[in-house]
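# Return a 3D structure for these sequence lines:
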Amino acid sequence: MKIGSGLPVVGNRSAPQVKSEPRQPEKARASEGAEQSRLLNTLLDDATYTVLDCEMTGLDPDRDALLEVAVRKFRHGRELKDQNFQSLVNPGQPIPPDVTELTGIRDKDVANAPSVQAILPILCRLVGPHPILVGDFVDLDIQFLRKKLEQVGLGRFKDRFNQANSFCTRTLARKVFPEVRSGSAGWLAFCMGWPKLPEHRADNDIRNAYTVFSRLVTQLREQRGLRTLAELCRFQGPILTMPKPEEGKDKD
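A predicted model of the protein is given here:
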């Protein structure tokens, strides 16, 4: 497992504790609303983007497990080198053969990896409150992380993974390029002549997603005059959701 500096390395030890957050009174909720409004008024060029990707054993958050998680933060077009995190996760269940074929991740690769209980507190601390999430089909990653937080007793941190503050590269790409009806961020990058890394490993998928996202934002700023996160949210509209588990087996 590799993480950015300033974060503790977690092996098979118990997870570091995340401090409980008290139930919010009315005044605190009003403050949260004001923070959300301030966040959405941030200029696109000044925002900090938290690019997220997960690999899973399947598409059902209730039944399937996390295999790998990666996060990288970007601001002003540059990666924040001390704000990155990547780790395999022991799923506690056999990896289906088709998932191994897709990702290259084998049962023996995750046998000594940290558990989801160890990974999630680190992830929550790094992501922080009010992140601007970016990813390819990020809705699936959000669904999985929210469900796993519930399952390990950290449901109070679910709001850190919020669709309202998220941008899906595939949703934006279909708005900018209506002819694009399918294909991952890596596929889109390849088609547009942008740099592309091998897919279906979380860290590479993050880099592909940020490449696509940053190019799309540049195009929208120059051609449509979008300036703020709120304007980008309105342009994006509802983010695409993954097919039901029986309708597809991977994020392509």
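
# Just after the lengthiest helix in the chain, pick out the following helix or strand.
What stands out as the longest helix in the chain, according to DSSP state H, is helix 202-224. Under the assignment DSSP states H and E, the closest C-terminal helix or strand after helix 202-224 is helix 229-236.

# for that next one, packing partners?
For helix 229-236, the packing partners by 3 or more CB pairs under 8 Å, 6 or more residues apart in numbering; DSSP states H and E come out as helix 26-40, strand 166-168, helix 169-176, helix 202-224. (Glycine included, C-beta is placed from N, CA and C.)

# can you give me the strands in the chain?
Assigned by DSSP state E, the strands in the chain fall at 2-3, 48-56, 66-75, 78-88, 132-135, 166-168.

# Out of the helices and strands packed on helix 229-236, indicate the one that is most buried.
Mean neighbour count, computed with mean count of other CB atoms under 10 Å, is highest for strand 166-168 among the helices and strands packed on helix 229-236, reaching a mean of 24.

# what does that strand contact?
Residues outside strand 166-168 that contact it (CB atoms under 8 Å, 6 or more residues apart in numbering) are 49, 132-139, 142, 213, 232-233, 236, 239-240.

# what's the closest of the residues you listed to residue 87?
Using CB to CB, residue 135 comes nearest to residue 87 of the contacts of strand 166-168, at 16.7 Å.

# Give me the nearest residue to that closest one, chain neighbours excluded.
residue 52 (4.8 Å; CB to CB, 6 or more residues apart in numbering).

# what pairs with that neighbour across the strands?
Judged by DSSP bridges, the bridge partners of residue 52 are residue 71.

# shouldn't it be in contact with residue 144?
No: counting by CB atoms under 8 Å, residue 52 stays clear of residue 144, with 10.4 Å between them.

# any residues in contact with both of these two?
Contacts common to residue 52 and residue 144, judged by CB under 8 Å, 6+ apart, are absent.

# Between the two, which is the more surrounded one?
residue 52 (28 against 23; other CB atoms under 10 Å).

# residues in contact with that one?
70-71, 127, 133-135, 138, 141, 206.

# give me that answer again for 10 Å
Residue 52 makes contacts with 69-73, 85, 123, 127, 131, 133-136, 138, 141-142, 145, 161, 166, 202, 205-206, 209, as judged by CB atoms under 10 Å, 6 or more residues apart in numbering.

# Can you say which of the residues you listed are buried?
Among these, those buried by neighbour count (16 or more other CB atoms under 10 Å) are 69-73, 85, 123, 127, 131, 133-136, 138, 141-142, 145, 161, 166, 202, 205-206, 209.

# if you average pLDDT over stretch 125-141, what comes out?
For stretch 125-141, mean pLDDT rounds to 94.

# Would you confirm that residue 224 contacts residue 176?
Yes: between residue 224 and residue 176 there is a contact under CB atoms under 10 Å: 9.0 Å.
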